[in-house]
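J.: need coordinates for the following:
(chains A, B, C and D)
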There are 2 protein chains.
Amino acid sequence: MEGSGRDTGNALLFLTDEQLRKGIEAMFFAYRGFTADPDRILADMAYGRAHHRAVHFIHRSPGTTVNNLLAMLGVTKQSLNRVLRALVADGLVRNEVGKRDKRERHLYLTPEGDALERQLSDAQRDRMRTAYRAAGPEAVTGFRQVLEAMMDEEMRNRYDALKDLKG
Amino acid sequence: MEGSGRDTGNALLFLTDEQLRKGIEAMFFAYRGFTADPDRILADMAYGRAHHRAVHFIHRSPGTTVNNLLAMLGVTKQSLNRVLRALVADGLVRNEVGKRDKRERHLYLTPEGDALERQLSDAQRDRMRTAYRAAGPEAVTGFRQVLEAMMDEEMRNRYDALKDLKG
DNA sequence: CTTGGAATGTCAACAAAGCTGACGTATTAT
DNA sequence: ATAATACGTCAGCTTTGTTGACATTCCAAG
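T.: Down below sits the predicted model:
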């Protein structure tokens, strides 16, 4: 089957095209599940996935600047600005002019924003917890290792920077 | 640190909110990497991620019907139809009226469509292979286990159905 | 003190890709 | 015959991304 002719031994079987394809499809279907719960919650409000991401990262590093958030999300400032404007207008995010550098705007969640963040991350964590529990601790380690190896260099730096905040 | 007061023992430490949050962020950043290479290739043509997905699944199960594809992708027929129309018009996908049931349209890739599929999946597999190689076979097993546990019931069925085709 | 560049915000216009609702047409099933 | 299914399509809307242009504010360097 899948006659590539060469069998490089069991140790490398996980690198066959078959195995790689399964990984690709697993990633696709799993990501749908990953976003499904927050999406459902947000659908009721006038918000979408972009708002979720903004709220998440502001929660993660309160006082972060717009530029920081931009680099984190990898979108244009115009796109982010539209999202932030809505969140500020609705009283979920607070905008504070920088003390040292007054060009910068530092972003914080209001209590209302915190409440939304908690609602969203609770739902997402629940699913993640269920998956972790089903797969077991060793699987979780492998899961994280592969994901980290899949990131672009720059994204991994961002990810590592977040890790250092508390973890 | 992270004083939740209760320490349930090492066996369950991987279920702390900290660990779950890391998993969530890893998923987010990794998915960006996952789609980055195909996105770059598609950006040059008039295509996007939706075309990639359609081409991928038609390649996976040649002769699949529109309804099958619809369920696989989880979008509306209007949304899929727009994508398929473009692919057929550009000669990448072929449309065949069903023999048994003439209402159905069976979808196949043309040689040109196959070429695009190969280009895209080569790029995506390369990244996956690099990640797999870096993480090792045991990590890959864990990776797949967690992803599968993260899917919605219906998506897991779809995923399993694909697995049975060849794998 | 002036000026260049950086950070931010905003306007306009557009595109990709999703959605709903409605309708038409073959074809099959009851 | 009639109902249900599979598919296509039109119209219109939303979210979220994109470019490009331009103003403001402010830091820092000359």
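J.: distance of A:Asp44 relative to A:Ala161?
T.: Between A:Asp44 and A:Ala161 the computed distance is 33 Å (C-beta to C-beta, to the nearest Å). To be clear about C-beta, it is placed using only N, CA and C from the backbone, and glycine gets the same treatment.
J.: higher neighbour count, those two?
T.: Neighbours per residue (other C-beta atoms under 10 Å in any protein chain shown) separate A:Asp44 from A:Ala161, with A:Ala161 holding more: 13 against 7.
J.: separation between the more buried one and B:Arg105?
T.: Distance of A:Ala161 to B:Arg105, given as C-beta to C-beta: 49 Å.
J.: quick one: least confident helix or strand in chain A?
T.: Using mean pLDDT, DSSP states H and E, the weakest-scoring helix or strand in chain A turns out to be helix A:153-166, at a mean of 84.
J.: CA atoms only for stretch A:79-92 - export them in CSV, please.
T.: Provided in CSV are the C-alpha atoms of stretch A:79-92 (Å, rounded to 0.1, in the frame of the first residue of the first chain):
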residue,chain,number,x,y,z
SER,A,79,-8.6,46.1,10.8
LEU,A,80,-7.7,46.1,14.5
ASN,A,81,-8.9,49.7,14.9
ARG,A,82,-12.4,48.8,13.8
VAL,A,83,-12.6,46.1,16.4
LEU,A,84,-11.1,48.2,19.1
ARG,A,85,-13.4,51.1,18.4
ALA,A,86,-16.4,48.9,18.9
LEU,A,87,-15.0,47.4,22.1
VAL,A,88,-14.2,50.9,23.5
ALA,A,89,-17.6,52.3,22.4
ASP,A,90,-19.3,49.4,24.1
GLY,A,91,-17.3,49.9,27.3
LEU,A,92,-15.4,46.6,27.2
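J.: these two touch, right, A:Arg125 and B:Glu18?
T.: No: with contacts defined as C-beta atoms under 8 Å, A:Arg125 does not count as touching B:Glu18, sitting 10.5 Å away.
J.: higher neighbour count, these two?
T.: A:Arg125 (20 against 16).
J.: tell me if the more buried one really is in a strand.
T.: No: according to DSSP: H, G, I helix; E, B strand; the rest coil, the state of A:Arg125 is helix, so it is not within a strand.
J.: now it, nearest residue through space, not along the chain?
T.: Residue nearest to A:Arg125 in three dimensions, not counting chain neighbours: B:Leu20, with 4.6 Å by C-beta to C-beta, 6 or more residues apart in numbering or on different chains.
J.: what's the first helix or strand after the strand or helix carrying the one you found?
T.: Assigning secondary structure by DSSP states H and E places B:Leu20 in helix B:17-44. Sequence-wise, the next helix or strand downstream of helix B:17-44 (DSSP H and E) is helix B:49-60.
J.: near DNA strand C, which residues of chain A show up?
T.: A:65-67, A:70, A:77-78, A:81, A:84-85, A:95, A:101, A:103-105 (C-beta under 7 Å from any atom of the strand).
J.: in helices, which of these fall?
T.: Residues of the residues of chain A next to DNA strand C located in helices (DSSP state H): A:66-67, A:70, A:77-78, A:81, A:84-85.
J.: what's the burial count for the closest residue to DNA strand D within chain A?
T.: Among the residues of chain A, A:Gly48 lies nearest to DNA strand D; the distance is 1.6 Å by C-beta to the nearest atom of the strand. Close neighbours of A:Gly48, defined as other C-beta under 10 Å, add up to 14.
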